[in-house]
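> Sequence and predicted structure below; questions after.
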Amino acid sequence: MQKVILQLDLQEYIFSYESYLARKKPLFLEGDIHLHFKLIKELFHHQAIKQIPKLMNLDLSLASLQKSGVLQIEEIYSFVQIVEYFSYLKKTLLSEGLLRWMEKIVIPQNIYDICGYFNNKAEFKNSIDENFESINRSLSMIKEEINKTFKQIIHAKNINSYLVDYQVHYMNNREVLLLRSGFDKVIKGSIVGRSSGGFFYVTPKSVVQLKSKESELLSKKSELIYEYCKLISSFFKKNMFFLKFINSEFDRFDSYQARVNFAKDREMEFLLPKKSNKIEIEKFLHPALTTPKQISLNFNKQILIITGVNAGGKTMLLKSILSVVFLSKHLLPMSIDAHKSTIGSFKELFAILDDPQNVKSDISTFAGRMTQFAKLFSKHSTLVGVDEIELGTDADEAASLFKVIVEKLIARNMKVVITTHHKRLASLLATNKEVELLAAIYDEKNQKPTFRFLPGTIGKSYAFETALRYGIPATLVDEVREVYGEDKEKLNELIQKNIDLELKMREESDMLSSELEKIKKLKIELNDEKEKCKDEFYLVKSKMSIEYLKAIKEAKKAIKTNDSKDAHRYLNRAHEYKKVTFKPDEQIELPAILQVGDSVKYRETKGVLKSIKKHQAIIESDTMRLRVPLHALKKNSNLFKKNIKSKINISKENINSTAFLDLHGQRSYEAIENLDKFISDSLIQGYEELKVSHGIGTGKLSHAVKEFLKTHKSVESFSDAHPHEGGFGATIVKL
């Protein structure tokens, strides 16, 4: 793995990632990658979590426990820190997947009890044993006494002339004073060492005695600590399986949390490999580049051949493709548009990028390359990257050789990315349906690579232009062009024209796609505006319907009254309500010129225009006559056909007679619309009783009619007709 990391220029990235770990561990996550990805995503969106403690590797400690060894206090405290941290996580991680994971970690009570033995300085608490308390108290007193003694000596007048400075120095874990020669006349002590200036480091005799007492106490404390470490180690051995489990789970959580924190700090995303061999990359930035260019690529076939200008980014593109797959395979975050990218699953990554020449092994460049290619024939479902495939041998022979090798790799379900300057190799493989071509683009105007790539074509190498750019004299390059030959130069020009044409077509395609997106956006906005207008229209229509019904009621009252004054009063009021239901004249926009007798359409109703009066019109269909606003009519281009399915018969001989509507054969929505219009027209005519014939049939039409009548504000009651009038097949309506 380290070799691949170096080949892909990911060493600095991996080093930065590892700084987020509590302790170093392998990159690969064992187990179900989909579960790992789910838990990482949950952690990514979780609120801030307490920083994970930095710990030592405990594998050797567990091996020692297995052999009944005694752990040191630092090792025991590391296990305590793990247990305490998981105890915190069990209270904090409450999202679905993380909660289920934490519920599987059950900490034994005796392990919990041992956690209570320690303070936050990795020391045993005084409370666990009175001997600890006694020893620590005595040690504290001795330290105070030592400090007091040094202060007294430093401030004594007789020693002042022998002091080099007024500091207490530390040498060999002992407190000392730095004194000039002749100090033994005023103070007794032990010489610990000498300074570069010839002065003496001296421990006063009184301090030596105190240090001796301190050493005795520390020795007793060490013995007591060992006894407790021995006792705790025996407890730990009984819980060996739990300690191994929680140690591995700590590494697992550490790997998750390091990835999450690394991704958040660098604004990166995670990409889960899919069960396919597709590689679709959108806006990837290689972490090794200081000013990277976004890479977007669709690599859905088995072979990708990258040709084109020298120093144009071919090798970096190859490394970027392999890097995306490597980082995705290990669930490491990257700078990419994860929602628009798809990476397949590959058993292995195999990179042939370096010159394998080795003097010690007596192997040439080409021989080394062949050794590497030979290994591929024992592999399956591998992503292979080959840089400068023609390296180390004759170009024409290499083209034939690698054509056959690549075809065999296709048969073994390999996915291969190749960079080459061999136009012949690219042309030999271009006809294969599993091969994609990609050309690095050169800016001829500015004489430099663009680090962009054009799919579907073979690129020119621009060796002469690159030589000029890197300092080869122009006169020398002109001589080279003459040697190269006019025919080959024309071939290169033809390749360049093809690239220019492809670029122009791609730019036009991008421009058209952009315009299409704008049109789609405008269409959505217009549809939204249309829906808004429709809602406003139905709101106004609802208000107008209420006013219209009020006008109808006033008209009915006028018809029923015998008093002519009351009748005029009711009619005037109805006329006022009528005014409300229509827009003012100046707001009406007249439609195309209509004449009496024209075939017209009002909403879904088709009919013949019978009369026009100002801004009102009367139309007649087979079902009814309607008075409608003139501006609401549209000219019907199709000739009006009689609808014989329904008939409205209204007799005007007797005001108390019954109007009749036939709905046989109509669909429910058609029948309801016709019934609504029929009731409105009957109210205007002054009818109080209606007969609606709908038949029995399946009962759907009858049910729809009765449900509508229940909700109509102008219907006082309704019932089935008398048996001799149609029975259940007809309904009598009272207005």
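Ah, there it is.

> From here on, just use CA atoms for contacts and neighbour counts.
Will do.

> C-terminal to the least confident helix or strand in the chain by mean pLDDT, what's the next element?
Here the helix or strand of the chain ranked lowest by mean pLDDT, DSSP states H and E is strand 647-649, holding a mean of 44. Under the assignment DSSP states H and E, the closest C-terminal helix or strand after strand 647-649 is strand 658-662.

> I figured Asn247 was touching Ile82, is that so?
Yes: between Asn247 and Ile82 there is a contact at 7.4 Å, judged by Cα atoms under 8 Å.

> So Glu249 versus Lys319, what's the distance?
33 Å (Cα to Cα, to the nearest Å).

> Compute the number of surrounding residues for Gly308.
With neighbours defined by other Cα atoms under 10 Å, the count for Gly308 comes to 28.

> same check, this time on Asn300
17.

> Apart from its neighbours in sequence, what residue is nearest it?
Lys278 (4.8 Å; Cα to Cα, 6 or more residues apart in numbering).

> That neighbour is in contact with Ile343, isn't it?
Yes: if you go by Cα under 8 Å, Lys278 and Ile343 touch, sitting 5.9 Å apart.

> Looking at these two, which one has more neighbours?
Higher neighbour count among Lys278 and Ile343: Ile343, with 23 against 19, using other Cα under 10 Å.

> Pretty sure the more buried one sits against Glu282.
No: contact between Ile343 and Glu282 fails when scored by Cα under 8 Å: they sit 10.7 Å apart.

> quick one: low-confidence parts of the stretch 601-735 of the chain?
Low-confidence segments of the stretch 601-735 of the chain (pLDDT under 70): 603-604, 622-624, 637-658.

> how about stretch 42-51: buried residues?
Across stretch 42-51, burial judged by 16 or more other Cα atoms under 10 Å covers 42-44.

> And for stretch 668-685?
668, 671-672, 674-675, 677-683, 685.

> Neighbour count: Glu249 and Lys319, which is higher?
Higher neighbour count among Glu249 and Lys319: Lys319, with 23 against 17, using other Cα under 10 Å.

> Over to the more buried one. Which of the three states is it?
Classification of Lys319 using DSSP: H, G, I helix; E, B strand; the rest coil returns helix.

> same thing with Leu437?
The three-state assignment at Leu437 reads strand, by three-state DSSP.

> repeat for Ile441
Using three-state DSSP, the structure places Ile441 in strand.

> mind listing what it touches?
Listed by Cα atoms under 8 Å, 6 or more residues apart in numbering, the contact set of Ile441 reads 308-309, 312, 449-454, 459.

> Tell me the pLDDT of it.
As predicted, Ile441 sits at a pLDDT of 81.

> Ok, the one 5 residues further on next?
Predicted confidence (pLDDT) for Asn446: 71.

> Using the three-state scheme, assign it.
What three-state DSSP gives for Asn446 is coil.

> And for it, the neighbour number?
8.

> Domain ranges for this structure, per the record?
Taking automatic domain parsing as the reference, the chain has its domains at 16-108+239-266, 127-226, 279-477, 584-643, 645-735.

> Out of those domains, flag the one nearest Cys533.
Checking the domains of the chain against Cys533 by Cα to Cα gives domain 584-643 as the closest, at 15.9 Å.

> Contact partners for Tyr17?
Tyr17 touches 258-259, 262, counting by Cα under 8 Å, 6+ apart.

> 7 Å instead?
Neighbouring residues of Tyr17 by Cα atoms under 7 Å, 6 or more residues apart in numbering: Phe262.

> Strands of the stretch 151-300 of the chain, residue ranges please.
Taking DSSP state E, counting those that start in this stretch as the criterion, the stretch 151-300 of the chain carries its strands at 169-171, 174-179, 189-194, 200-204, 279-284, 295-299.
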